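Novice: sharing a model that was predicted from the sequence below.
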Amino acid sequence: MNKVEHIGIAVNSVKQAGEIYSKLLNTPVYKTETVESEHVLTAFLQSGPNKIELLEALNDDSAIAKFITKKGEGIHHIAFDVDDIEAEMKRLKAEGFVLLNDEPKRGADNKLVCFVHPKSANGILIELCQEIV
Ligand SMILES: CC[C@@H](C(=O)O)C(=O)SCCNC(=O)CCNC(=O)[C@H](O)C(C)(C)COP(=O)(O)OP(=O)(O)OC[C@H]1O[C@@H](n2cnc3c(N)ncnc32)[C@H](O)[C@@H]1OP(=O)(O)O
Ligand SMILES: [Co+2]
């Protein structure tokens, strides 16, 4: 696994949270993107080497809706960049981690992604991201 690719933050409103994070980090939201398969609207900010992904639920089927209902707005997941997502999925599975998808799926910002269940990762939802070239 390589560097942290992004930190995912669950928010009620990408627009409102985007304004706050823009002021906080002194940088604008550089991109918004809807990911229908995840039922989310995303917005991205880059602060130095660090990328923040704001996530708003599009409907009640979204993991973000369920998370906010239970825990409120806040850090939802940590995503790590990987060179070979299928190899990393195989490695993690062999180590006993519970993967939430059997195959890599399309994420935001031109990435293939896979999630690791927080119950098998010490309480943190982990996302693997491989850039699509
Ligand atoms: C935009 C695309 C992509 C990108 O390119 O970056 C994204 O980031 S999409 C982000 C949204 N999508 C996902 O999160 C997909 C993966 N998540 C899931 O499949 C589910 O959310 C889950 C992790 C399997 C939980 O779903 P479920 O079991 O239905 O919900 P519960 O509320 O019952 O939770 C069970 C258990 O797990 C705890 N939990 C849930 N979410 C998190 C979390 N983000 N971090 C830590 N812990 C989490 C929850 O509190 C429950 O614990 P207990 O109450 O102790 O049972
Ligand atoms: Co993410």
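Specialist: It's in. Ligands and ions are numbered 1, 2, ... in the order given.
Novice: can you pull out the strands in the chain?
Specialist: Assigned by DSSP state E, the strands in the chain fall at 4-10, 31-35, 40-47, 50-57, 74-81, 105-106, 111-116, 125-131.
Novice: is the residue of the chain found nearest ligand 2 bridged to anything, and to what?
Specialist: Nearest residue of the chain to ligand 2, counting by Cβ to the ion: residue 8, 4.0 Å away. For glycine as for every other residue, the C-beta is placed from the backbone atoms N, C-alpha and C. Taking DSSP bridges, one obtains residue 53, residue 77 as the residues bridged to residue 8.
Novice: how much space between residue 111 and residue 34?
Specialist: Here residue 111 is placed at a distance of 15 Å from residue 34 (Cβ to Cβ, to the nearest Å).
Novice: and the two? which has more neighbours close in?
Specialist: residue 111 (20 against 13; other Cβ atoms under 10 Å).
Novice: quick check: closest non-adjacent residue to residue 111.
Specialist: residue 129 (4.4 Å; Cβ to Cβ, 6 or more residues apart in numbering).
Novice: contacting residues for the one you found?
Specialist: Residues counted as contacts of residue 129 (Cβ atoms under 8 Å, 6 or more residues apart in numbering) are 5-6, 79-82, 85, 107, 111-113.
Novice: between those, which is nearest residue 39?
Specialist: residue 107 (13.0 Å; Cβ to Cβ).
Novice: let's have the strands of the chain in CSV, adding mean pLDDT.
Specialist: Listed next are the strands of the chain as CSV, based on pLDDT from 0 to 100:
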stretch, mean pLDDT
strand 4-10, 98
strand 31-35, 97
strand 40-47, 98
strand 50-57, 98
strand 74-81, 98
strand 105-106, 96
strand 111-116, 98
strand 125-131, 98
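Novice: any chance of the ones you listed in JSON lines, plus distance to ligand 1?
Specialist: Below are the strands of the chain laid out as JSON lines (distance: least, Cβ to the nearest ligand atom, whole Å):
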{"stretch": "strand 4-10", "distance to ligand 1": "5"}
{"stretch": "strand 31-35", "distance to ligand 1": "4"}
{"stretch": "strand 40-47", "distance to ligand 1": "5"}
{"stretch": "strand 50-57", "distance to ligand 1": "5"}
{"stretch": "strand 74-81", "distance to ligand 1": "5"}
{"stretch": "strand 105-106", "distance to ligand 1": "8"}
{"stretch": "strand 111-116", "distance to ligand 1": "4"}
{"stretch": "strand 125-131", "distance to ligand 1": "4"}
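Novice: much appreciated, bye for now.
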